[in-house]
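# need a structure here:
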Amino acid sequence: MPRARLWRATACANLERPPPPGLPLAGEVTVARFARLLQGAPVRAWVRIAAGAACRLALGRPGGKAAEVKELAAWLRLTLIPGVGGETQRQLLKVLGGPEAIFNAPSTALRGILGDGLIARLRSHDCSAEVEATLNWVEHPGNHILTLADAAYPQALLTAADPPVLLYAKGDIGLLNRPGFAIVGSRNATKQGEANAEAFAATLCAAGFVVVSGLAAGIDAAAHRGALAATGGGTTIAVIGTGIDRIYPARNEALAREIGAHGVIIGEFPLGTPPLPANFPRRNRLIAGLGLGCLVVEAARQSGSLITARLAAEAGREVFAIPGSIHSPQSKGCHALIKQGAKLVESAQDILEELGWGRGSAVPPAPTFDTAASRSAEDPILHALGHDPCDLDTLAARSGLPPETLLARLLPLELDGRIAPLPGGRYQRLG
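Alright, predicted model coming up:
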């Protein structure tokens, strides 16, 4: 079972004795992490205490598979109790130690944190079927469950708001502790917006970032595609708002399989959780927390992407936005962010320079796209169209051509990928 052992070199060092023979150590990353947490580095106090308690709980235990399964089952039970949210779970861990200690604690020890009703629920709630199903799920190759006590838990989330006590993951969990960058935007993206997301993602991956997004339609899906298609083999993290055994939206099923094979999918919701609206703002805080920065490609005024950007700023991450047409509804949110202090960017190089990424070395070139516009002189229809969305009547007035002639001219341009139709009978130039 893919569970990090809690008998670590750091914990054993506290007792000045070596770990039991035959028990593998987790390596420098694990030792450094637990030493940092226990010695009082500037991370949240409850993280330090919970990690220390988890180490102490494991001391003296042989750590075989049965013990690991029992411990993981206790973590799952803790997160499956209705009414006991993440903040309460972390408070229990802070005061009482590991989850098994929580369930074995007397009611007097729990009353400072839980009311009598929640104490009774903690004692009586039966989630054995869910726990068993999850333990069976995690036995399959590529499936993982990470807790706050695991070395593979994303370190970036420890400095963000409300880190989950437990994460479900499918794919390469090593990516969770590599430098990440979030790319988000509208589900109802324009073709140009999707092309921008793909291009930015590919360049950032080529520079060494792991692209983080939410597997939604539109900009999210385009960012994942661009990352996977990056030169040299890019990687991406998809953060979902459902149970990890569900794909939403269904149209992204093939993309999700590719991410599971070449990246990683993570979520905090139990298996079988449907796509409830309240889940997605919670998902957004993880997207914001996993990245060094957050880019909003396209967003309407009420877009959920603006929630992600706000959470990223609150977590101390850099926020970037791509400007667009003043007439486009999908640019209004980006323009609002720029007015509020987000950095306006026109290329991925702008982001890399702002972050000081790879300073002193060559910045990787942006991906180039072989378009008809680069192969020949500009078509007069494109010149009349300009770079803002335009309806047929306006285009007819600009070009001097009747609508029926224009429609005949627009179709080849659309098939050649030089323009895209928009809702309301409008057209937009690409590239």
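# tell me, what residue is most central in this protein?
Ile287 (3.4 Å; C-alpha atoms, centre = their mean).
# Buried residues of the helix or strand containing that one, list them for me.
Per DSSP states H and E, Ile287 falls inside helix 279-290. Residues Asn279, Phe280, Arg282, Arg283, Asn284, Arg285, Leu286, Ile287, Ala288, Gly289, Leu290 are the ones in helix 279-290 that count as buried (16 or more other C-beta atoms under 10 Å). (C-beta placed from N, C-alpha, C; glycine too.)
# quick one: which of the residues you listed is nearest Arg251?
Phe280 (16.8 Å; C-beta to C-beta).
# Does the closest one touch Thr308 like I think?
No. Look at Phe280 against Thr308 with C-beta atoms under 8 Å: they stay out of range, at 9.8 Å.
# how about the buried residues of helix 279-290 in CSV, adding distance to Arg418 and pLDDT?
Rendered in CSV, the data for the buried residues of helix 279-290 read as follows (distance: C-beta to C-beta, whole Å; pLDDT from 0 to 100):
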residue, distance to Arg418, pLDDT
Asn279, 39, 96
Phe280, 34, 94
Arg282, 40, 94
Arg283, 36, 96
Asn284, 34, 97
Arg285, 39, 96
Leu286, 38, 97
Ile287, 33, 98
Ala288, 35, 97
Gly289, 39, 97
Leu290, 36, 97
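# Where does Ala336 fall, secondary structure wise?
Ala336 is part of helix 332-339, with elements assigned from DSSP H and E.
# what distance separates that helix from the middle of the whole chain?
In this view, helix 332-339 has its centroid 22 Å away from the chain centroid, taken as C-alpha atoms, centre = their mean, to the nearest Å.
# Moving along the chain from it, name the first helix or strand you hit.
Next element after helix 332-339 (DSSP H and E): strand 343-344.
# partners of that next one in the sheet?
strand 318-321 (parallel) (DSSP bridges).
# List the buried residues of whichever helix or strand Ala101 is part of.
Assigning secondary structure by DSSP H and E places Ala101 in helix 99-104. By neighbour count with 16+ other C-beta under 10 Å, helix 99-104 contains the buried residues Pro99, Glu100, Ala101, Ile102.
# likewise stretch 83-100?
For stretch 83-100, a neighbour-count test (16+ other C-beta under 10 Å) marks 84, 88-100 as buried.
# Now do it, average pLDDT.
If you average the pLDDT over stretch 83-100, you get 93.
# Wait, Pro82 touches His125, no?
Yes. Between Pro82 and His125 there is a contact under C-beta under 8 Å: 7.0 Å.
# which of the two has more neighbours?
Comparing Pro82 with His125 by other C-beta atoms under 10 Å, the one with more neighbours is His125, at 15 against 9.
# Pretty sure the more buried one sits against Val84.
No. Using C-beta under 8 Å, His125 is not in contact with Val84, being 9.1 Å away.
# where does the chain dip in pLDDT?
Residue ranges of the chain with pLDDT under 70: 1-64, 359-378, 431.
# Strands along that one, start to end?
With DSSP state E, the ranges of strands along the chain come out as 143-147, 166-171, 180-184, 210-213, 236-239, 264-267, 293-296, 318-321, 343-344, 390-391, 419-422, 426-429.
# any chance of these in JSON lines, with mean neighbour count and distance to Ser331 too?
JSON lines is the format used below for the strands of the chain (neighbours: other C-beta atoms under 10 Å; distance: least, C-beta to C-beta, whole Å):
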{"stretch": "strand 143-147", "mean neighbour count": "22", "distance to Ser331": "37"}
{"stretch": "strand 166-171", "mean neighbour count": "24", "distance to Ser331": "33"}
{"stretch": "strand 180-184", "mean neighbour count": "31", "distance to Ser331": "15"}
{"stretch": "strand 210-213", "mean neighbour count": "29", "distance to Ser331": "19"}
{"stretch": "strand 236-239", "mean neighbour count": "29", "distance to Ser331": "25"}
{"stretch": "strand 264-267", "mean neighbour count": "24", "distance to Ser331": "30"}
{"stretch": "strand 293-296", "mean neighbour count": "28", "distance to Ser331": "10"}
{"stretch": "strand 318-321", "mean neighbour count": "24", "distance to Ser331": "9"}
{"stretch": "strand 343-344", "mean neighbour count": "14", "distance to Ser331": "12"}
{"stretch": "strand 390-391", "mean neighbour count": "16", "distance to Ser331": "15"}
{"stretch": "strand 419-422", "mean neighbour count": "18", "distance to Ser331": "13"}
{"stretch": "strand 426-429", "mean neighbour count": "20", "distance to Ser331": "12"}
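# Dump those into a markdown table; add distance to Leu114 as well.
Shown next, in a markdown table, are the strands of the chain (distance: least, C-beta to C-beta, whole Å):
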| stretch | distance to Leu114 |
| --- | --- |
| strand 143-147 | 20 |
| strand 166-171 | 19 |
| strand 180-184 | 35 |
| strand 210-213 | 34 |
| strand 236-239 | 29 |
| strand 264-267 | 26 |
| strand 293-296 | 35 |
| strand 318-321 | 37 |
| strand 343-344 | 44 |
| strand 390-391 | 60 |
| strand 419-422 | 53 |
| strand 426-429 | 55 |
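# Mind checking the ones you listed for the one nearest to Gly304?
Comparing the strands of the chain by C-beta to C-beta, strand 180-184 comes nearest, at 8.2 Å.
# Just the C-alphas of that closest one, formatted as CSV.
Taking Å, rounded to 0.1, in the frame of the first residue of the first chain, the C-alpha atoms of strand 180-184 are listed here in CSV:
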residue,chain,number,x,y,z
GLY,A,180,3.8,24.5,-9.7
PHE,A,181,2.0,27.2,-11.5
ALA,A,182,-1.8,27.6,-11.7
ILE,A,183,-3.6,28.4,-15.0
VAL,A,184,-7.4,29.0,-14.7
